[in-house]
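[1] just to be clear, the model below is a prediction. Sequence and coordinates:
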Amino acid sequence: MSQNPEIVYQAPLQGFTDFTYRNVFQEVYGGVSKYFIPYLSYIRGKEIKKSLLKEIFPENNKALPVVPQVLFSNTTELFELVSILVDNGYKEINLNLGCPYPMATNRGRGAAWLDKPDDLNETLQQLFAKEFPTKFSVKMRAGMKNNQDFKPVLGILNKFPLSEIIFHPRTASQMYDGKANPSLFAEALSIASHPLVYNGDIFSEADFQELKTILPDQKSWMTGRGLLMDPSLALRLNGMEMDLKLRKQKLKEFHDRLFQEYSERLQGSGHFLMKMNQFWSYFCESFENPHKAIKLVKKSSNVLKYNAAVVEIFRDLFVNDDL
């Protein structure tokens, strides 16, 4: 491992990085300094999905360095959600100012806060005046539509005792199109008084090395889709040598553990197969022929056929590499 290790966070992805996934990932791979729990938010009135509450229960995150995240539109929502997390013992809470999806931004949540810096300033003043017994960090984008909106927002964030800021150098309107712009991150470094974490488009060691040439002093990173595509990525970014045989053994172990955990947790084969199909939408990228892998999985109409498809996928993988 590197003598000066990189700090790698796993980004929260709703529907993917649930507590089952996080726990199995930590046991099989590790290499992640913090796992961020997909955001806690209201869906209507004061209702919170039971599945979201399960994500924050301490018993589901016993051996994990986890940070929960909140998605809010006003101080009332923010204080209530923070109170729930504090009651569950969390010592750090991440404020989501970056969710780009219209279902969030149209309700004034996520990246919508980047368009209303004065409101954000007042909300944070009230938040810190409450003196909750926890630290707060922020996850944000460069702006809603304008990639320069982060500048006044960072000026506001500088006034508050945040633990760190995770900065994704894209606008919300870009969603995940185009490429994240590391030059915007470099600009943010010159403005922010808090530690910054780079987030965006780290899918491979090559991507990482390219970023390191632009941001040579940066040591803290967040990746979500990259770890879903290649679960060994965090370890390899820190210099762990993993030959193809070990990587593929780990892939098989990871898959089998997830299969077992989800089969025990989820009721009904339809629900279970839907979850595994979802998992393969990213996991297939670990294979030489992703299209073939995902096609075989999607054609599986029952668990027996699914198991046969997985056997074929891994058998071809091992044979092709003389393993």
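    Okay, I see it.

[2] part of a helix, is Y21?
    Yes: using DSSP: H, G, I helix; E, B strand; the rest coil, the assignment for Y21 is a helix.

[3] stretch 124-135: end-to-end distance?
    In stretch 124-135, first residue to last residue: 13 Å (C-alpha to C-alpha, to the nearest Å).

[4] let's test this: mean pLDDT of that stretch, rounded?
    Mean pLDDT, computed over stretch 124-135, is 98.

[5] which element is the residue nearest to G200 when sequence neighbours are not counted on?
    Sequence neighbours aside, A180 is the residue nearest to G200 in space, at 3.0 Å (criterion: C-beta to C-beta, 6 or more residues apart in numbering). Where C-beta positions appear, they are placed from N, C-alpha and C, glycine not excepted. Here A180, judged by DSSP states H and E, is contained in no helix and no strand.

[6] go on, G226?
    Using DSSP H and E, G226 sits within helix 225-229.

[7] residues touching the helix or strand following that helix, excluding its own?
    Counting by DSSP H and E, the next helix or strand C-terminal to helix 225-229 is helix 233-237. Outside helix 233-237, the residues that touch it by C-beta atoms under 8 Å, 6 or more residues apart in numbering are 6, 8, 10, 29-32, 202-205, 208, 221, 223, 226-227, 242.

[8] which of the residues you listed are buried?
    Buried subset of the contacts of helix 233-237 (neighbour count, 16 or more other C-beta atoms under 10 Å): 6, 8, 10, 29, 31-32, 202-204, 208, 221, 223, 226-227.

[9] give me the domain ranges for the protein.
    The record's domain split for the chain, according to automatic domain parsing, is 7-237, 244-320.

[10] okay, the ones you listed, which one's buried deepest?
    domain 7-237 (a mean of 18; mean count of other C-beta atoms under 10 Å).

[11] just to revisit the earlier point, same list (the buried ones among the contacts of helix 233-237) but as a markdown table, adding distance to R265, secondary structure and pLDDT.
    Compiled in a markdown table, the buried ones among the contacts of helix 233-237 are given as follows (distance: C-beta to C-beta, whole Å; DSSP: H, G, I helix; E, B strand; the rest coil; pLDDT from 0 to 100):
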| residue | distance to R265 | secondary structure | pLDDT |
| --- | --- | --- | --- |
| E6 | 32 | coil | 94 |
| V8 | 27 | strand | 97 |
| Q10 | 20 | strand | 98 |
| Y29 | 20 | coil | 96 |
| G31 | 24 | coil | 95 |
| V32 | 21 | coil | 97 |
| I202 | 29 | coil | 97 |
| F203 | 29 | coil | 95 |
| S204 | 31 | coil | 93 |
| F208 | 33 | helix | 96 |
| W221 | 30 | strand | 98 |
| T223 | 25 | strand | 97 |
| G226 | 25 | helix | 96 |
| L227 | 21 | helix | 96 |
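
[12] okay, those in TSV with distance to F185 next?
    Listed next are the buried ones among the contacts of helix 233-237 as TSV, based on distance: C-beta to C-beta, whole Å:
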residue	distance to F185
E6	15
V8	16
Q10	19
Y29	26
G31	22
V32	21
I202	12
F203	17
S204	18
F208	14
W221	11
T223	14
G226	16
L227	20
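
[13] element containing S263, please.
    Using DSSP H and E, S263 sits in helix 244-265.

[14] and the contacts of that helix?
    Outside helix 244-265, the residues that touch it by C-beta under 8 Å, 6+ apart are 20-21, 23-25, 27-29, 231-232, 242, 272, 275-276, 279, 283, 286, 303, 310, 314, 317-318, 321, 323.

[15] then stretch 111-126?
    73-75, 78, 97-100, 104-106, 108, 140-141, 143-144, 149-150, 152-153, 156-157, 159-160, 171-172.

[16] switch to 6 Å and redo it
    Here stretch 111-126 makes contact (C-beta atoms under 6 Å, 6 or more residues apart in numbering) with 75, 97-98, 100, 105, 141, 143-144, 149, 152-153, 156, 160, 172.

[17] go through the residues you listed and name the one nearest E55.
    G98 (18.4 Å; C-beta to C-beta).

[18] my read: that closest one touches A142, true?
    No: at 9.3 Å, G98 does not count as touching A142 under the criterion of C-beta atoms under 6 Å.

[19] are we agreed that L13 is in a strand?
    No: the assignment for L13 (three-state DSSP) gives coil, which keeps it out of a strand.

[20] list the contacts for it?
    Contacts of L13 by C-beta under 6 Å, 6+ apart are G224.
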